[in-house]
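Participant: Predicted coordinates and the sequence they were generated for:
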Amino acid sequence: MARPLLALVALDRAGLPDTDETLRVLDEIWPAAPRATDVKVTDDVITFRLDGHTAAISLQPEPIPRGDLEGPCAAAWYWPEAAAAVQGHQAHLVVGVLPVRPLDRIEIAMLLTRVVAAVARAAGAAAIYWTPGRLVHSPGAFLDYARQMTREHLPLYLWIDFGVGRDADGSYSLATSGMEALGQMEIEIAASRDHPRRLLDRLFNIAHYVLDKGLVLKPGETIGMSDEERIPIEHAPSFRDATMTVVRLEMP
């Protein structure tokens, strides 16, 4: 069974968000979506039904462990203030969605993204930690991406870490973290001489295409974003974790 998708919302002060404000934000940002029902509130938990599924928000009166955040904050090139933003936080919320009927992982991630965005805004959050991809986000940027989210335009930068590293010989290697939580194998590119920005764009587009279409990338086959492009596919041990098998794309 796949692990549940969870996000953590860092708070400068312990406390659940105002329930009415959270639901108001949900309705304001996604007015065409079904409204929350069956709302229940205790001292440290809020639950409600959203599109028939159960959303849960649980207060944890202690910070997110520093060891969980150090790496993601250091890697957050898109948010240089990440480490400073979480440094003094005092508590956090655990946010999850429990499906009551079969859903694919993309649909669950989209529901969770909506709830997290509303919770973070209502709570005046310090930061958001998307645990499957080990990504730390600014609440404002998270909300901006979430507003634009559709099934055809998935907010992969909220869900997946596209790690870029420079090798000793000057080439570049890229690896995803977070694809597995969405039901796909992680994808890596090793020792490419292409420009890192171009590699990142190509990997993003391939990851989006794979998730959108539910493709299984099989060894010995090829993939491309045009009729002319043929990128060879293999399955290989990850260069990040040799115990894990990943999709390796050959992009010289």
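Facilitator: Great, that's in hand.

Participant: At which residues are the helices of this structure located?
Facilitator: 19-29, 66-75, 82-87, 105-123, 139-147, 156-159, 196-213 (DSSP state H).

Participant: Out of those, the one nearest Met185 is which?
Facilitator: helix 196-213 (9.0 Å; Cβ to Cβ). Every C-beta, even on glycine, is put in place using the N, C-alpha and C of the backbone.

Participant: Which of the residues in that closest one are classified as buried?
Facilitator: 199-200, 202-204, 206-208, 210-211 (16 or more other Cβ atoms under 10 Å).

Participant: returning to that earlier point: Pro237 is nearest to which of the helices of the chain?
Facilitator: Taking these one by one with Cβ to Cβ, helix 196-213 is closest: 18.7 Å.

Participant: Tell me what angle the closest one forms with helix 105-123.
Facilitator: 110 degrees (axes from the mean of the first three to the mean of the last three Cα atoms, to 10 degrees).

Participant: Averaged pLDDT, helix 196-213. What do you get?
Facilitator: Helix 196-213 carries an average pLDDT of 95.

Participant: which helices and strands sit right next to it?
Facilitator: Contact analysis of helix 196-213 by 3 or more Cβ pairs under 8 Å, 6 or more residues apart in numbering; DSSP states H and E lists helix 156-159, strand 161-166, strand 172-177, strand 187-192, strand 222-223 as its packing neighbours.

Participant: Make JSON lines out of those and add mean pLDDT, distance to Val39 and mean neighbour count.
Facilitator: Converted to JSON lines, the helices and strands packed on helix 196-213 look like this (pLDDT from 0 to 100; distance: least, Cβ to Cβ, whole Å; neighbours: other Cβ atoms under 10 Å):
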{"stretch": "helix 156-159", "mean pLDDT": "98", "distance to Val39": "26", "mean neighbour count": "22"}
{"stretch": "strand 161-166", "mean pLDDT": "95", "distance to Val39": "34", "mean neighbour count": "16"}
{"stretch": "strand 172-177", "mean pLDDT": "96", "distance to Val39": "34", "mean neighbour count": "22"}
{"stretch": "strand 187-192", "mean pLDDT": "96", "distance to Val39": "39", "mean neighbour count": "20"}
{"stretch": "strand 222-223", "mean pLDDT": "94", "distance to Val39": "44", "mean neighbour count": "15"}
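
Participant: Quick one: closest of the ones you listed to Asp20.
Facilitator: helix 156-159 (25.6 Å).

Participant: contacts for that closest one?
Facilitator: Helix 156-159 is contacted by residues 78, 109, 113, 130, 132-133, 135, 137, 142, 145-146, 178, 181-182, 204, 207-208, 211 when judged by Cβ atoms under 8 Å, 6 or more residues apart in numbering.

Participant: of these, buried ones?
Facilitator: Buried among the contacts of helix 156-159 (16+ other Cβ under 10 Å): 109, 113, 130, 132-133, 135, 137, 142, 145-146, 178, 181-182, 204, 207-208, 211.

Participant: before we move on, back to that, I'd like the helices of the chain written out as CSV, with distance to Leu6 added.
Facilitator: Below are the helices of the chain laid out as CSV (distance: least, Cβ to Cβ, whole Å):
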stretch, distance to Leu6
helix 19-29, 17
helix 66-75, 12
helix 82-87, 17
helix 105-123, 8
helix 139-147, 15
helix 156-159, 12
helix 196-213, 19
